[in-house]
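Chemist: Pasted the sequence and its predicted model underneath.
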Amino acid sequence: MKNNPIKVQTQNLSSKEQQKFLSSIFLGIKICFFLLGIISLLKIGYISKIRITRLREIKESYFHEKDKYRELTSRFDDLFKINGQQRFMKDQDQMISRDRMRVIWR
């Protein structure tokens, strides 16, 4: 039995079509992975930017609180110096309204 030339030609065409079909599917999968990678990199970049901004805010807040602590520590230490209590009383803000009578105990 000889192979029918039409049948052989049809098999060759179908295998070429199958190869084209499979290569187009693989190309589609590669494009999807490429897009997935790009989107992931963009998300990582955005999240990193947000994290760096938050860390910068925390750092600034830390330094602000550290400066406040130093100032309060020095003021507290000044209380124990000579006449420190008198200076402390003079430095305090007056929270009594002006039309009230004030009593100062000595």
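Modeler: Arrived safely, thanks for sending. Residues are numbered from 1 along each chain as shown.
Chemist: alpha carbons only for contacts and neighbour counts from here, please
Modeler: Noted.
Chemist: Remind me what the host helix or strand of Q19 packs against, helices and strands.
Modeler: Using DSSP states H and E, the element containing Q19 is helix 5-79. When contacts are defined as 3 or more CA pairs under 8 Å, 6 or more residues apart in numbering; DSSP states H and E, helix 5-79 packs onto helix 84-91.
Chemist: Give the rounded mean pLDDT of the helix it packs on.
Modeler: On average, the pLDDT along helix 84-91 is 68.
Chemist: what do you get for stretch 30-47?
Modeler: On average, stretch 30-47 scores 97.
Chemist: How far away from the center of its chain is that stretch?
Modeler: How far stretch 30-47 lies from its chain's middle: 18 Å, per CA atoms, centre = their mean, to the nearest Å.
Chemist: tally of neighbours for S15?
Modeler: 12 (other CA atoms under 10 Å).
Chemist: Next one: it from L22, what distance?
Modeler: 10 Å (CA to CA, to the nearest Å).
Chemist: swap in T53?
Modeler: In terms of CA to CA, T53 sits 47 Å off from L22.
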